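Undergrad: give me the fold of what follows.
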Amino acid sequence: MTAPTLHGPLPNTDADHQFNSVRDYDVPLDLAARGFIEEEYFVSGRAAVYADDLTVEQQVPYTNRLIVRRPAEGQPASGRVLVEILNPSNGYDAEGLWRRAWDWILDHGHTYVGFSIKPVTIDALKNYDPVRYAPLSWELDPNHPHEPVGADFAPFNVVEGAEEGLAWDVITDAGHLLRSAAGEPVLGGRAPEPLVLFGQSQSAHYLNTWVRHFHAANPGLWDAIVVSVGSTLERPLRQQPMDANGLYATVPAEEAAPVSVPTISVLCEGDVNLYRGHGFDIAARPGLGDGPNRRAWCVAGTGHTEVTSPVMPGNPGIMRAGRKPRHMTPEALAAGNMFPLHPAITAALDAAVAWIDGHEPPESVFFSVDEADQPVRDADGNVRGGLRYGLIEHPVATFIGSPTGGTLGSLELFPRERVLARYPTVDSYLDAVGAVDRALAEAGYLNALGYRQMRDAARELWTRATAPAD
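TA: Here you go, the predicted model:
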């Protein structure tokens, strides 16, 4: 297959820079101080619209967006290239991996690449900067483009005139580009060693679909795959209207697609109720997502997304893109589930890469479920089974991943007296949590940064739980 054409890098100045640049975060991130650069490119090729039997119904020219954050020339680089299918669920390109692993990526000199996956996020880019992003197109008929969807956007709008089904060849083309001489500018002339594909939530559903239908035809394109909070849901091959609940169409799969490369799926507790809203009732079923070349880690206590992150696009840029601003009240922050999932995600990425070299990863772990495939809860209200970090083995709160099908989950701290009776000092609590997490780190379910992140969360939880009442 011929690699697509690369255009760029595009201008990167204060007056003319990419959407969701690190300079526009709520707390701007100085990549140069860490020896990294940020660049944006366009990728042009031809993508097929596929029938259900994978015959080609139509060939469509496309131009897509690709971003990279990598070590600058002369800076230490690991060679590891982490390629993210950018998440479109808010109607703009959101970085599920970068927001959860940016400090780990910077610390280890990894390269991060992200690319757009859905027409509605292309529309957001055109709203953000009509001149910069004018060349982008997922149109069925590029000679008659549609008007970009604006502020009346609903999260899962279908863009008439464009085609979501171009995604499969877009994913394939991204891999071929990064493995070819044509992609060398993106990676600073360094060969990808290895090339890892990642998808989070809706983007994981695109990833699952690509694996089901196109992985076998592209052996060796990706060295490893990590699926984050996507279970085994897939997408239709062609664009479909939203369902009666205003959600995008999904294809529930009772068995994960076979893979020939190391693949690890991270599922959170919150996925169980969240995906019931899609008619998928088996997200917690023991064995789901397991198999040859596969592992599945079900992480007890965790929600589908974290309450906060310092590396999120700022609301001015989001509104300029014609999308709804993020709004988190102090009450929502206080009640939100702060159990961190990102330590499991970076540990899975480390384990998947080690697996390439023949080092077997930790075993799959699943929630304990009842006859309705609902997780069983203990006397404290916390889920039984699964990957149990110190925060869940030594709880000072009840963690609910998703009580009503939302993404944040909830948290209810135990009474102050109860916590102090068992853990009278913060150090006593950190010792208890740390003993569990050190064992999990030795087994491969936690890396060094994840251990510190869990320790920070434990300190904050104990402090909140033991604070005197006003």
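
Undergrad: separation between the closest residue to Met242 other than its chain neighbours and Val120?
TA: Closest residue to Met242 apart from its sequence neighbours, by CB to CB, 6 or more residues apart in numbering: Phe156 at 5.3 Å. For the C-beta atoms, the positions are set from N, CA and C on the backbone; glycine is no exception. Separation of Phe156 from Val120 (CB to CB, to the nearest Å) stands at 8 Å.

Undergrad: comparing these two, which residue is more hemmed in?
TA: Just comparing Phe156 and Val120: by other CB atoms under 10 Å the higher neighbour count belongs to Val120, 25 against 19.

Undergrad: my guess is the residue nearest to Met242 meets Ala249, correct?
TA: No: using CB atoms under 8 Å, Phe156 and Ala249 do not qualify as a contacting pair, with a distance of 9.1 Å.

Undergrad: need the overlap of contacts for these two.
TA: Taking CB atoms under 8 Å, 6 or more residues apart in numbering as the contact rule, Phe156 and Ala249 both touch Met242.

Undergrad: can I assume the residue nearest to Met242 sits in a strand?
TA: No: the assignment for Phe156 by DSSP: H, G, I helix; E, B strand; the rest coil gives coil, which leaves it out of any strand.

Undergrad: got the contact list for it?
TA: When contacts are counted by CB under 8 Å, 6+ apart, Phe156 touches Ser89, Met242, Gly246, Leu247, Tyr248.

Undergrad: then Asp223?
TA: If a contact means CB under 8 Å, 6+ apart, then Asp223 has Pro192, Pro194, Leu195, Val196, Val261, Pro262, Val353, Ile356 as its contacts.

Undergrad: need those in TSV with distance to Pro340 and secondary structure, can you?
TA: Formatted as TSV, the contacts of Asp223 follow (distance: CB to CB, whole Å; DSSP: H, G, I helix; E, B strand; the rest coil):
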residue	distance to Pro340	secondary structure
Pro192	28	coil
Pro194	26	coil
Leu195	27	strand
Val196	21	strand
Val261	27	coil
Pro262	24	coil
Val353	21	helix
Ile356	26	helix
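
Undergrad: wasn't Leu449 part of a helix?
TA: Yes: secondary structure of Leu449, determined by three-state DSSP: located in a helix.

Undergrad: count of neighbours near it?
TA: Leu449, neighbours per other CB under 10 Å, totals 18.

Undergrad: from Glu84, how far out is the residue nearest to it when sequence neighbours are not counted?
TA: The shortest distance from Leu449 to any residue other than its chain neighbours is 5.0 Å, reached at Trp104 (CB to CB, 6+ apart). Counting by CB to CB, the separation of Trp104 from Glu84 is 14 Å.

Undergrad: how about the residue lying closest to Ala448 once chain neighbours are set aside, secondary structure?
TA: With CB to CB, 6+ apart as the measure, Ala441 is the residue that lies nearest to Ala448, at 7.4 Å, once sequence neighbours are left out. Three states are possible here, and by three-state DSSP the one that applies to Ala441 is helix.

Undergrad: ok, Ala441 touching Gln453?
TA: No: in this structure, Ala441 is not within contact of Gln453 by CB under 8 Å, at 11.7 Å.

Undergrad: identify the contacts common to those two.
TA: Shared contacts of Ala441 and Gln453, defined by CB under 8 Å, 6+ apart, are absent.

Undergrad: residues in contact with Arg455?
TA: The neighbourhood of Arg455, defined by CB under 8 Å, 6+ apart, consists of Leu430, Val433, Gly434, Asp437.

Undergrad: please, which helix or strand holds it?
TA: Under the criterion of DSSP states H and E, Arg455 resides in helix 448-466.

Undergrad: that helix: which residues count as buried?
TA: 449-451, 453-455, 457-458, 461-462, 464-466 (16 or more other CB atoms under 10 Å).

Undergrad: can you lay out these as a markdown table showing distance to Val299?
TA: Putting the buried residues of helix 448-466 into a markdown table (distance: CB to CB, whole Å) gives the following:
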| residue | distance to Val299 |
| --- | --- |
| Leu449 | 16 |
| Gly450 | 11 |
| Tyr451 | 15 |
| Gln453 | 13 |
| Met454 | 11 |
| Arg455 | 17 |
| Ala457 | 13 |
| Ala458 | 16 |
| Leu461 | 16 |
| Trp462 | 20 |
| Arg464 | 21 |
| Ala465 | 21 |
| Thr466 | 25 |
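
Undergrad: just the closest of those to Tyr389, please.
TA: If you rank the buried residues of helix 448-466 by distance to Tyr389 using CB to CB, Met454 comes first, at 5.8 Å.

Undergrad: check contacts around that closest one.
TA: With contact set as CB under 8 Å, 6+ apart, Met454 has these partners: Pro340, Pro343, Tyr389, Gly390, Leu391, Val433, Asp437, Leu446.

Undergrad: nearest residue to it in space, please, no chain neighbours.
TA: Taking CB to CB, 6+ apart as the measure, Met454 lies nearest to Asp437, with 5.3 Å between them; neighbours along the chain are not counted.

Undergrad: same thing with Asp271?
TA: The shortest distance from Asp271 to any non-neighbouring residue, by CB to CB, 6+ apart, is to Ala283 (4.9 Å).

Undergrad: quick check, pLDDT for the one you found.
TA: Turning to Ala283, the model gives it a pLDDT of 90.

Undergrad: can you offset everything so residue one is 47?
TA: All set: I'll call the first residue 47, so the last point we hit is now Ala329.

Undergrad: was I right about it contacting Val318?
TA: Yes: assessed by CB under 8 Å, Ala329 is found in contact with Val318 at 4.9 Å.

Undergrad: return every residue with contacts to both of those two.
TA: Counting by CB under 8 Å, 6+ apart, the common neighbours of Ala329 and Val318 are Asp419.

Undergrad: report how many residues lie close to Glu377.
TA: Applying other CB under 10 Å, we find 8 residues neighbouring Glu377.

Undergrad: doesn't it belong to a helix?
TA: Yes: assessed with three-state DSSP, Glu377 lies in a helix.

Undergrad: separation between it and Val353?
TA: In this view, Glu377 and Val353 are 12 Å apart by CB to CB.
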